[in-house]
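**Q** Dropping a prediction and its sequence here:
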There are 2 protein chains.
Amino acid sequence: MLDNNSNQAAKPRMIEALSIDNVVLGIESGRLMVLTAKYNTGLAQGLWGLLGGWVAYDEPIDNAAKRILKMITGVDDLYLEQFRAFGDVKRYPAERVVTIAYYALVRPDLYNVIPGGTASHVEWRDVRNLPSLIYDHGEIVKALLLHLKSKVRHEPIGFNLLPEKFTLLQLQEVYEAILDVKLDKPNFRRKILKMNLLIDCNEKQQGVMHRAASLYRFDMVVYQKLCEHGFNFEF
Amino acid sequence: MLDNNSNQAAKPRMIEALSIDNVVLGIESGRLMVLTAKYNTGLAQGLWGLLGGWVAYDEPIDNAAKRILKMITGVDDLYLEQFRAFGDVKRYPAERVVTIAYYALVRPDLYNVIPGGTASHVEWRDVRNLPSLIYDHGEIVKALLLHLKSKVRHEPIGFNLLPEKFTLLQLQEVYEAILDVKLDKPNFRRKILKMNLLIDCNEKQQGVMHRAASLYRFDMVVYQKLCEHGFNFEF
DNA sequence: GCAAAAGTGTTAATCGTACACCCATGG
DNA sequence: CCATGGGTGTACGATTAACACTTTTGC
């Protein structure tokens, strides 16, 4: 994915048959956005793609994904999960490279990413209107969106796309963005509140030009308990 | 995973940082079983593990999984899907190897597997009572079982574990084996029939010492249509 | 007749859905 | 007083869950 002939000292040994590609997702004014990077080195120089890099020889793959993400964006400590491996023979032009795709869900307060490492620029793009990306990265995004649609119905991952305190409408918009549907407001409110996954912060929204909404936060403790019994999360 | 110094002619080039491990699952008298192999070569010689092997340099990973499965068991043409990659640094003792786990669901008529390739024996084991397996294979099975529990609720993969024609009780037993719960028979019948995924074969079970049950088969066409709308499959 | 599984019926409680409607606030 | 979103009520059909019950068959 990236240049492997730079002149750094003590360059770590990389597994060059194996890369990581991170799909970083966020919500911006109700639209699901993906972070793309413009590479300044290697085969993809000057082109846009996902946030990728090689796995080091002595590094767990989960760590590799985190390291690459931090290197390119400066951002750390976010929801990061493996999606799956992509291993068509010709997906990478120069040689045989299998990549493991990860996805990250980003809260808006971490939106200000600073390009670094092998990326000269990073840019948020609307996932429903993506330009063409290097290699099979377009395919990876498409497959991930399908996966997310299903996953968001069974696990409350949507919360990772919001600030710690959020309104019910914001949460609804996250679900609408991921599922690409319109939901009924009263029914959404009731359903989500009945799950007991939200804690009322007893605070109101500030600086809006209409009635201020209540702020809620996600109750991780209740969630863990529900998980052990395998619960449902349908909309 | 396997010996890479055999004296075959024209040995293909392998990516030795990357292996495949197949978890082959079947139902036997209502219990979920997994196929294990005893290796006759390589690091794992004499030990039991999943059905693994290396990815060839010019081979898509899905094909590698299929090829390895066929080599070890002689069995072809079954439901085979990628699970996910496992990449801890020390999961494989001799060197750094990332493995991509696949899982196969096997119909009972394909149970008679013949050990081949790098396996001297293969044996079905109860997944709820597994002996210890090489490397991280025990962990892979455990993680997959959790994944399957969730997957079976949203996609009708259970059918892949049954012969083409099956009774409703057999189907129920598949769900009970995967979910590890007891289900109510009348309610299960109604629910599954209402989905319209079953075609009545207008045939009865043979040779049972009680009232013979109707045989059904899975309607792939209706299923495909439902998939496009993203449907539910809860129990 | 008995056992074992097939298959049907019934009920109460819950849930999903589609709305109509009122409330609070800033401009 | 209007626009905007916050928030509640309601009513109907569909779904679920629990359980009693009848049917068929081989022994």
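**A** That came in fine, so what should we check first?

**Q** only C-alpha atoms for contact and neighbour calcs from this point on.
**A** Will do.

**Q** Beta-bridge partners for the closest residue to A:Arg128 other than its chain neighbours, please?
**A** Nearest residue to A:Arg128 in three dimensions, chain neighbours excluded: A:Leu32, at 7.8 Å (CA to CA, 6 or more residues apart in numbering or on different chains). Assessed by DSSP bridges, A:Leu32 has beta-bridge partners A:Ile27.

**Q** which residues does A:Leu32 contact?
**A** For A:Leu32, the contact set (CA atoms under 8 Å, 6 or more residues apart in numbering or on different chains) comprises A:Leu25, A:Gly26, A:Asp126, A:Val127, A:Arg128, A:Val174, A:Ala177, A:Ile178.

**Q** Surely the first one is in contact with A:Tyr103?
**A** Yes - under the criterion of CA atoms under 8 Å, A:Leu25 makes contact with A:Tyr103 at 7.3 Å.

**Q** that older thread, now that we have the contacts of A:Leu32, which of them are buried?
**A** A:Leu25, A:Gly26, A:Asp126, A:Val127, A:Val174, A:Ala177, A:Ile178 (16 or more other CA atoms under 10 Å in any protein chain shown).

**Q** Once you drop chain neighbours, what's closest to the third one?
**A** Meaning A:Asp126. A:Met33 (4.5 Å).

**Q** And the pLDDT for the residue nearest to A:Arg128?
**A** The per-residue pLDDT reported for A:Leu32 equals 96.

**Q** just A:Asn5 next, same as before
**A** 43.

**Q** which element follows the longest helix along chain A toward the C-terminus?
**A** When chain A is parsed with DSSP state H, its longest helix is helix A:137-151. Next helix or strand after helix A:137-151 toward the C-terminus (DSSP states H and E): helix A:168-179.

**Q** After that next one, which helix or strand is next?
**A** Following helix A:168-179 in sequence, per DSSP H and E, is helix A:185-194.

**Q** Could you confirm whether any residue of the very next helix or strand once past that following helix contacts DNA strand C?
**A** Following helix A:185-194 in sequence order, the next helix or strand is strand A:198-204 (DSSP H and E). No - residues of strand A:198-204 contacting DNA strand C under CA under 7 Å from any atom of the strand: none, with a closest distance of 9.1 Å.

**Q** tell me which residues in strand A:198-204 are buried?
**A** The neighbour-count check on strand A:198-204 (16+ other CA under 10 Å) flags A:Leu198, A:Asp200, A:Lys204 as buried.

**Q** So for the longest helix of chain A, what gets flagged as buried?
**A** A:His137, A:Gly138, A:Ile140, A:Val141, A:Leu144, A:Leu145, A:Leu148, A:Lys149, A:Ser150.

**Q** for stretch A:42-52, same thing?
**A** Within stretch A:42-52, the residues scored as buried using 16+ other CA under 10 Å are A:Ala44, A:Gln45, A:Leu47, A:Trp48, A:Gly49, A:Leu50, A:Leu51, A:Gly52.

**Q** Enumerate the residues of chain A near chain B.
**A** A:15, A:17-18, A:57-62, A:82-89, A:96, A:100, A:230 (CA under 8 Å from any CA of the partner chain).

**Q** Mark which of these are part of helices, please.
**A** A:Ile61, A:Asp62.

**Q** follow-up on the earlier one: just put the buried ones among the contacts of A:Leu32 in CSV and tack on pLDDT.
**A** Below are those laid out as CSV (pLDDT from 0 to 100):
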residue, pLDDT
A:Leu25, 97
A:Gly26, 96
A:Asp126, 96
A:Val127, 96
A:Val174, 96
A:Ala177, 96
A:Ile178, 96
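
**Q** quick check, nearest of these to B:Leu169?
**A** A:Ile178 (37.3 Å; CA to CA).

**Q** Please name the residues that touch the most centrally placed residue in chain A.
**A** Nearest to the mean C-alpha position of chain A, counting by CA atoms, centre = their mean, stands A:Ala104 at 2.7 Å. A:Ala104 sits next to A:Asn22, A:Val23, A:Val24, A:Leu25, A:Leu78, A:Tyr79, A:Leu80, A:Glu81 when contact means CA under 8 Å, 6+ apart.

**Q** got those residues as TSV, with distance to A:Leu169 columns?
**A** What follows is the contacts of A:Ala104, written out as TSV (distance: CA to CA, whole Å):
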residue	distance to A:Leu169
A:Asn22	28
A:Val23	25
A:Val24	23
A:Leu25	19
A:Leu78	23
A:Tyr79	22
A:Leu80	25
A:Glu81	26
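
**Q** for these, which one is nearest B:Ile68?
**A** Checking the contacts of A:Ala104 one by one against B:Ile68 (CA to CA), the nearest turns out to be A:Glu81, at 27.6 Å.

**Q** residues contacting the closest one?
**A** Counting by CA under 8 Å, 6+ apart, A:Glu81 has contacts A:Tyr102, A:Tyr103, A:Ala104.

**Q** Among these, name the ones in strands.
**A** Using DSSP state E, A:Tyr102, A:Tyr103, A:Ala104 are the members of the contacts of A:Glu81 that sit in strands.

**Q** Can you read off the pLDDT for the second one?
**A** What it means is A:Tyr103. 98.

**Q** Show the pLDDT at the nearest residue in space to A:Lys151 that is not next to it in sequence.
**A** Nearest residue to A:Lys151, sequence neighbours excluded (CA to CA, 6+ apart): A:Ile157, at 7.9 Å. Listed pLDDT for A:Ile157 reads 92.

**Q** neighbours around A:Ile157, how many?
**A** 15 (other CA atoms under 10 Å in any protein chain shown).

**Q** if I look at it, how far off is A:Lys66?
**A** Remark: distance between A:Ile157 and A:Lys66 (CA to CA, to the nearest Å) = 18 Å.

**Q** before we move on, what about A:Arg153?
**A** 26 Å.

**Q** Those two: who's more crowded?
**A** A:Lys66 (20 against 16).

**Q** so when I look at that one, I'm seeing a helix, right?
**A** Yes - judged by DSSP: H, G, I helix; E, B strand; the rest coil, A:Lys66 forms part of a helix.

**Q** mind listing what it touches?
**A** So A:Lys66 contacts A:Asp76, A:Leu80 (CA under 8 Å, 6+ apart).

**Q** what about 10 Å?
**A** A:Ile20, A:Asn22, A:Val75, A:Asp76, A:Asp77, A:Leu78, A:Leu80, A:Glu81, A:Tyr102, A:Ala104 (CA atoms under 10 Å, 6 or more residues apart in numbering or on different chains).

**Q** Next, count neighbours for the second one.
**A** The reference is to A:Asn22. Neighbours of A:Asn22 (other CA under 10 Å): 30.
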